[in-house]
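All I have is the shape, not the residue letters:
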């Protein structure tokens with residue numbers, strides 16, 4: 001049984017990654033339905049929380065059906081991080097996670113996110129301050145190191161464990177890699193198999209099929225896997241991995257009807273949480289992923305990203321079900337590089353969009 005503090009997560013938990021502009025309550029709801037064992041909020045600025053910034057405060061919204069759930073914060077200064085941890089604790093999540101992995105310039109250049117990987121003593125000091133400031137279990141998400149010459153995750157894991165973290169998630173890329181190339185799980189496995197390490201170690205990066213999940217578990221011994229981009233528009237990835245691990249067989253792929261039903265729930269949750277205007281607007285980024293694989297769907301997709309009322313969107317979704325009622329999806333090799341959330345530049349505001 002994998003445990004973070006007193007939180008029991010099962011034998012091999014599947015975690016939903018904290019993804020900026022993705023992992024909001026509506027998205028988390030459909031991932032929870034499909035079997036995510038532990039989910040995290042989008043990352044929240046410690047400075048924003050202290051300033052009482054509206055967007056930062058809104059990201060603190062969590063619901064009982066999501067539990068267990070962790071709130072993730074980031075920052076590069078000790079006092080604001082500690083104060084943010086106390087604010088987070090008041091909202092009663094199950095745990096608190098610190099983001100030491102976001103590689104984008106506007107975060108890293110301030111010494112937050114993956115920027116802290118240039119200063120490991122400060123990273124340890126910040127972590128210790130947060131652990132001291134809260135009674136919540138504190139976890140960390142980070143990367144292998146700043147670049148190929150500083151892959152110091154083995155040392156980092158020991159030092160973070162020594163100051164009291166309860167679990168560590170490692171993304172198998174360096175900061176300089178950003179989201180490019182393949183994730184390297186070798187060092188993740190070395191951390192997990194270090195006899196000094198007794199906290200759960202979760203692996204993250206490029207897991208998008210049940211076979212890859214099983215291979216990662218068998219080869220590297222990780223306690224669980226964190227999934228990010230593979231769940232965007234395809235929350236069924238969680239149940240598919242679990243079923244394959246239990247039976248060795250693939251579940252049938254979700255039908256057009258099921259895809260539309262889940263997309264519809266996501267839409268309604270988005271409107272309920274954000275209101276009609278913002279809920280409909282922000283849902284537009286998800287349609288292409290839900291409809292991926294349908295032939296000649298461009299016209300429907302264009303309608304979905306331009307219509308402004310829930311009733312009109314519902315009509316288009318109904319039309320899609322009718323149009324593609326006989327369509328059968330085929331299992332193909334994943335094409336993650338084509339994902340619509342692929343960052344275009346180092347300055348992109350989003351973070352952790354790669355699982």
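Cool, got the structure. All values derive from a computational prediction rather than experimental measurement. Residues are numbered from 1 along each chain as shown.

Am I right that residue 139 is in a strand?
Yes. Counting by DSSP: H, G, I helix; E, B strand; the rest coil, residue 139 is located in a strand.

is it in a bridge, and if so with what?
Going by DSSP bridges, residue 139 is paired in beta bridges with residue 97, residue 167.

is it true that it touches residue 95?
Yes. When contacts are counted by Cβ atoms under 8 Å, residue 139 is listed as touching residue 95 (5.8 Å). Every residue, glycine included, has its C-beta placed from N, CA and C.

Compare those two (neighbour count), which wins?
Between residue 139 and residue 95, counted using other Cβ atoms under 10 Å, the more crowded position is residue 139 (25 against 22).

Mean pLDDT per helix and strand in this protein: which one sits at the bottom?
helix 54-58 (a mean of 73; mean pLDDT, DSSP states H and E).

quick check, distance from the helix or strand following it to the centre of its chain.
Using DSSP states H and E, the helix or strand that directly follows helix 54-58 along the chain is strand 69-74. Taking Cα atoms, centre = their mean, to the nearest Å, the mean C-alpha location of strand 69-74 is offset from the chain mean by 11 Å.

now swap in stretch 242-253 and tell me
22 Å.

ok, now stretch 131-138?
21 Å.

Over to stretch 310-323?
In terms of Cα atoms, centre = their mean, the centre of stretch 310-323 is set 29 Å apart from its chain centre.

Contacts only, for residue 160.
123-124, 127, 140, 168 (Cβ atoms under 8 Å, 6 or more residues apart in numbering).

Near residue 129, how many other residues are there?
Using other Cβ under 10 Å, residue 129 is surrounded by 19 other residues.

next one: phi and psi at it?
phi -60, psi -40 (degrees, to the nearest 10).

That one and residue 311, how far apart?
50 Å (Cβ to Cβ, to the nearest Å).

Run through the residues that contact residue 329.
Going by Cβ under 8 Å, 6+ apart, the list of residues near residue 329 reads 253-256, 293.

Go through the residues you listed and flag which are in strands.
Using DSSP state E, no member of the contacts of residue 329 falls in strands.

For the contacts of residue 160, please prepare a markdown table with the additional fields pLDDT, distance to residue 281 and neighbour count.
Formatted as a markdown table, those follow (pLDDT from 0 to 100; distance: Cβ to Cβ, whole Å; neighbours: other Cβ atoms under 10 Å):
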| residue | pLDDT | distance to residue 281 | neighbour count |
| --- | --- | --- | --- |
| 123 | 95 | 37 | 23 |
| 124 | 96 | 41 | 17 |
| 127 | 97 | 37 | 25 |
| 140 | 97 | 33 | 24 |
| 168 | 98 | 36 | 24 |
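
Wait, residue 82 touches residue 128, no?
No. Judged on Cβ under 8 Å, residue 82 makes no contact with residue 128 at a distance of 9.7 Å.

Now do the helices in the stretch 151-300 of the chain.
153-162, 186-192, 210-220, 237-247, 256-274, 276-283, 287-290, 298-304 (DSSP state H, counting those that start in this stretch).

do you know which of the ones you listed lies nearest residue 16?
Closest to residue 16 of the helices of the stretch 151-300 of the chain, according to Cβ to Cβ: helix 237-247, at 7.8 Å.

buried stuff in that closest one?
By neighbour count on 16 or more other Cβ atoms under 10 Å, the buried set for helix 237-247 is 237-244.

OK, contacts around the closest residue to residue 63 other than its chain neighbours?
Distances taken as Cβ to Cβ, 6 or more residues apart in numbering place residue 25 nearest to residue 63, at 6.4 Å, with adjacent residues excluded. By Cβ under 8 Å, 6+ apart, residue 25 lies in contact with 61-63, 66, 269, 273.

show me what contacts the nearest residue to residue 211 once chain neighbours are set aside?
Leaving aside its sequence neighbours, residue 211 sits nearest to residue 244 (Cβ to Cβ, 6+ apart; 7.4 Å). Shown in contact with residue 244 (Cβ under 8 Å, 6+ apart): 210-211, 213-214, 250-251.
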